[in-house]
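Asker: Next one to model:
(chains A and B)
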Amino acid sequence: MSAIITLSLLAVLLLYLGLFKAKKALLPVSLLGLLAAIVLYSIQWDTDAEPLYSGMVLFDHFAVAFSILSLFITGLVFLLSRDYFDSISEHVAEYYALIIFSLTGALLVVSFHNLAMLFIGIEIMSVALYILVGIRKRDFSSNEAALKYFLMGAFSTGFLLFGITLIYGATGSFDLTEIKNYLIANPHSISPLFYSGILLLIIGLSFKVGAAPFHFWTPDVYEGAPILITTFMSTVVKTAAFAGFLRLFLTCFVPLQDFWAPVLLVITVLTLFIGNISALAQQSFKRMLAYSSISHAGYMLFGILSIGAASAGAIFVYSAAYSIASVVAFAVLILVKRSRGSEHFEAFNGLAAKNPYLAFTLSVAMLSLAGIPLTAGFVGKFMMFSGVLANYHIVLLLLAVLNAAMGIYYYFRVIVAMYFRPADREEVTVNANYKAVLFIGALLTIAIGIFPSLLAGWL
Amino acid sequence: MDNLFILIFIPVVGALVLALTGKSASAKTLALLFPLLSLAYSLSFLFHFVPDASMQFEQQVPWISSLGIQFHVGIDGISLPLVLLTNVLVPLIILASYGRKYKGDFYALVLFMQAGLLLVFTALDAFVFYVGWEAALIPIYFICALWGGENRIRVTIKFFIYTFFGSLLMLIAIIYLHLQVPGHSYELRSFYQLALDAPTQGWIFWAFFIAFAIKIPIFPFHTWQPDTYTEAPSAGTMLLAGIMLKMGLYGLIRWLIPIAPLGVAAYGQLAIILAVIGLVYASIIAFKQQHIKRVVAYSSIAHVGLMAAGIFAWNVQGLQGAVIQMVNHGISVVGLFFVLDIIAQRLGTHDIKLTGGLAKPAPKLAAVFLIIVMGAIGLPLTNGFVGEFLLLVGIYNYGLWYAVFAGLTLILGAVYMLRLYQKTMLGETPEQNARFKDIAGTEVLVLGIIVLLVVGIGVYPKPLLHLSEAAVSQLINQVSLK
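Answerer: Numbering: from 1, shown residues only, chains lettered A, B, ... in the order given. Below is the predicted model:
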């Protein structure tokens, strides 16, 4: 909890720094704050976790692992923000502060132990994002994205809240343990309210993770938002939403698996196909990444579908691999866009000849997203597939294989553009922060691919 | 002393070093040094190998303990010839590419691929096998797509998606088998001991078969092959045809058939029929080709069809024939593609009509080409003879009519290969070909070694057969399909 308090105070401090025009201090202070939070979380790792504050939050291994992951990815995003925020808006301090606020919400979402806390966490996370998406005030697409995101977000929160209410109606409690006990105590007389509540929760959470058919906002919002905000949304926010989704279902709803699994199965299959087929048709790298994030949501839903002891580890590894690769991909996109002014695949033509380092790291990221062995993405996919097979959804896995093969096509498009399509272009200038982030990203992707035990054994 | 890990990691280290040397001039020397080191080291394995049926030089370390994955490798009489083949061919292929202006990155990819191949041929853990399988695919994709011909982008992505799809099916089967093993391991041996029911083995068969059939390639999964061979740079074609397709054949022997014998009992006949159809079909197409590389590409489909049929016949002769023929085909096909590369590079064309009469200006080339062609056709006293003979005996023991059709390869093979030889080497020498330069320098060295191997194995194949004999008979006894 001390970490969350630290972060809240950090955000306020950042706002004051902005007030006193201490622009130079923003980045170091934010990074220090994140580091402090990571340390505070790491200390908590070994303790036997008990729910705190009348059962509001629970910092078990699950919560701590996902929190550290979120903090780490946010740190990478901050490193990329040098020169970036200044170029799109004058309110630099607000950026940092809002991202930290949103992160605080995300940390609550991964560690909630009470449905009220889940709701509050999601709101804290989202409200800050509504502003961030629309922070380029004079940009048309940014405004469109913000409005869309806000409307859809409010809508989905409505579903979520309604679901929570119905569950409360059935069980008389918001507490996860109480809800679980209710199910155990009444295995044969579960109120219909409870079933409706689960369905509404699935809808609300599917909105948040961007699963089809509730994904319509994703491509436009991802495209309209500033690239770095998109990065934050598609990594930290998505990971947190999935962690929350899993936490809820893992703690409470396992006994009712026969009821909700078919619903989720349909959502998963739709998500995979819609994400992948749409990604195939994209001409813009950024929009392709948006659709690919939808299809990755589909793979991550496997973890919830095959719910069990291994799910948490699988989703953790998968989201870590996916987040790291996405940060690298978006970082290169920022650089390429800055030099060529375009987000299309053609903008990457010939990059390998001028910037071999950029091209190599982006290739590693793409291979990881495509799930090629010796990268982290493969380990994640492998764990997901294992989980699904353990539950004997062989047909689902065949569909997943079909989708993975499709994925190769669009992930390799950018590799093809960089390496095999020569073009006259300037060398892209890369500042030290970007170099560092790309290095860390590629290194971690390969290291986790070769030694998955770095991540796989924790949860 | 004989540390398999070191053998596998020499090329990895080599690849890293070469990737870092980048554009420097020492890249070529280094690129030869590492494979020669591998070759020398693998000779030590050959000398210390006891030709019985056991698995030797086994090594094992935990890799991903939480998932029960061991880095477990070993060599027996079936994998040793392929390990040797890989380590002999890679330096030859690198030497053969000396005429081109390749930099460190190219050689790094070749060496990385070598490591993947060695991993595939030595893996005793299904996960390791899968990783090696894919690790060999990535570099060859880049080799083909970076240095290939005009249509390389379209062709190579097709190749990649095709093979990747197949290997994902294999991955499903591997994970499924893993979950069936008591104690959840990925050990090859524990997979062997699973006695699954026939329907399960049926789909396991298909999952593996499609993966391997795409790689080999067996008709009708071959459509990627001619285009990729044609568009790939010469070194890439040699790697693909010489070594990579053996991964699929080896997979049949090591993984598919022993793991799913009931599946093979049910569908093996279909597999043989497909292999034989592909063999006849490819031979006929090979005869009509105008592009010299395509002739050999289709001939390769025919040859591997014969090997696959021999493997599915599942008797000692067929299997031994397949093992020795994998080696022979690797040697011959690398020689053939190298000769064709020399011709195409000097004439600037792959069109069979524009070649011709090269024997007069280039007698040395004509001589070695003839010997290699003889080997590819399978004439007595060349390497191809022993393998094809054994394969046909094996297929004959399975069924007379299969052998009759498979035997057509000998005749059809002679027809299209001699056509290729005649059209390129014999006849009138057109004016533009009169000043064709004969082979010299490294070309002589590479082709000389290949000719030596072709004749050497042809005259005295016994040592090579001896290596695999015990392992093959034991495998046949252990896995009975009847």
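
Asker: Is B:V73 in a helix, a strand, or coil?
Answerer: Of the three states, B:V73 takes strand under DSSP: H, G, I helix; E, B strand; the rest coil.

Asker: mind listing the strands for chain A?
Answerer: For chain A, applying DSSP state E gives no strands.

Asker: Poorly predicted segments of it, please.
Answerer: Applying pLDDT under 70 to chain A picks out residues A:88-89, A:392.

Asker: Give me the distance between the closest residue to A:T429 other than its chain neighbours and A:F348.
Answerer: Closest residue to A:T429 apart from its sequence neighbours, by C-beta to C-beta, 6 or more residues apart in numbering or on different chains: A:S339 at 7.6 Å. No exception for glycine: its C-beta is placed from N, CA and C like everyone else's. Going from A:S339 to A:F348 by C-beta to C-beta, to the nearest Å gives 11 Å.

Asker: which ones are touching the closest residue in space to B:A313 that isn't next to it in sequence?
Answerer: Excluding its sequence neighbours, the residue lying closest to B:A313 (C-beta to C-beta, 6+ apart) is B:Y398, at 3.7 Å. Contact analysis of B:Y398 by C-beta atoms under 8 Å, 6 or more residues apart in numbering or on different chains lists B:I272, B:F312, B:A313, B:W314, B:N315, B:G318.

Asker: Now do the buried residues in stretch B:44-53.
Answerer: Going by neighbour count (16 or more other C-beta atoms under 10 Å in any protein chain shown), the buried part of stretch B:44-53 is B:F45, B:L46, B:F49, B:P51, B:A53.

Asker: Which members of these occur in strands, if any?
Answerer: Within the buried residues of stretch B:44-53, no residue falls in strands by DSSP E.

Asker: Could I get the contacting residues of residue 371?
Answerer: No chain specified, so I'll use chain A. Taking C-beta under 8 Å, 6+ apart as the test, what A:G371 contacts is A:G377, A:F378, A:G380, A:K381, A:A404, A:G407.

Asker: that's the other chain; I wanted chain B
Answerer: With contact set as C-beta under 8 Å, 6+ apart, B:I371 has these partners: B:T382, B:V451, B:V454, B:V455.

Asker: and what of B:S66?
Answerer: Under the criterion of C-beta under 8 Å, 6+ apart, the neighbours of B:S66 are A:G313, A:S453, A:A456, A:G457.

Asker: and those, which of them are in helices?
Answerer: A:G313, A:S453, A:A456 (DSSP state H).

Asker: Let's see if you can find the most crowded of these.
Answerer: Note: the member of those with the most neighbours is A:A456, at 23 neighbours, neighbours being other C-beta atoms under 10 Å in any protein chain shown.

Asker: Is it correct that it is in contact with A:G313?
Answerer: Yes: counting by C-beta atoms under 8 Å, A:G313 is a contact partner of A:A456 at 6.2 Å.

Asker: Quickly list what's touching both of these two.
Answerer: Taking C-beta under 8 Å, 6+ apart as the contact rule, the neighbours common to A:A456 and A:G313 are A:M383, B:S66.

Asker: Run a quick neighbour tally on B:I457.
Answerer: 24.

Asker: quick one: it is in a strand?
Answerer: No: looking at B:I457 with three-state DSSP, it is helix, so not inside a strand.

Asker: In JSON lines: the contacts of B:I371, plus secondary structure and pLDDT.
Answerer: Below are the contacts of B:I371 laid out as JSON lines (DSSP: H, G, I helix; E, B strand; the rest coil; pLDDT from 0 to 100):
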{"residue": "B:T382", "secondary structure": "coil", "pLDDT": "87"}
{"residue": "B:V451", "secondary structure": "helix", "pLDDT": "91"}
{"residue": "B:V454", "secondary structure": "helix", "pLDDT": "91"}
{"residue": "B:V455", "secondary structure": "helix", "pLDDT": "90"}
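
Asker: Which single one of those is nearest to B:I243?
Answerer: For these, the residue nearest B:I243 by C-beta to C-beta is B:V454; the value is 16.9 Å.

Asker: surely the closest one meets B:G375?
Answerer: Yes: between B:V454 and B:G375 there is a contact at 4.0 Å, judged by C-beta under 8 Å.

Asker: what touches both of the two?
Answerer: B:N328, B:I331, B:S332, B:G335, B:T382, B:N383.

Asker: In helices only, show me those residues.
Answerer: Among those, the members falling in helices are B:N328, B:I331, B:S332, B:G335, B:N383 (criterion: DSSP H).

Asker: most neighbours, which of these?
Answerer: That'd be B:S332 among those, by other C-beta under 10 Å, with 32 neighbours.

Asker: For stretch B:330-342, output the C-alpha coordinates as CSV.
Answerer: Taking Å, rounded to 0.1, in the frame of the first residue of the first chain, the C-alpha atoms of stretch B:330-342 are listed here in CSV:
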residue,chain,number,x,y,z
GLY,B,330,22.6,-33.8,-49.3
ILE,B,331,26.1,-34.1,-50.9
SER,B,332,24.8,-34.5,-54.5
VAL,B,333,22.3,-31.7,-54.4
VAL,B,334,24.8,-29.2,-53.0
GLY,B,335,27.1,-30.2,-55.8
LEU,B,336,24.4,-29.8,-58.4
PHE,B,337,23.3,-26.4,-57.1
PHE,B,338,26.8,-25.2,-57.0
VAL,B,339,27.5,-26.3,-60.6
LEU,B,340,24.3,-24.6,-61.7
ASP,B,341,25.3,-21.5,-59.8
ILE,B,342,28.6,-21.4,-61.5
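
Asker: residues in contact with it?
Answerer: Under the contact criterion C-beta under 8 Å, 6+ apart, stretch B:330-342 has outside partners B:85, B:88-89, B:92-93, B:96, B:234, B:237-238, B:241-243, B:246, B:292-293, B:296, B:300, B:303, B:350, B:365, B:368-369, B:372-373, B:375-376, B:383-384, B:439, B:443, B:446-447, B:450-451, B:453-454, B:457.

Asker: dump the residue contacts of residue 321.
Answerer: With no chain named, the answer covers chain A. When contacts are counted by C-beta under 8 Å, 6+ apart, A:A321 touches A:S368, A:T375, A:A376, A:G377, A:V379, A:G380, A:T445, A:I448.

Asker: wrong one, I was asking about chain B
Answerer: B:G321 neighbours (C-beta under 8 Å, 6+ apart): B:M307, B:G310, B:V386, B:G387, B:E388, B:F389, B:L390, B:L391, B:L392, B:V393, B:G394.
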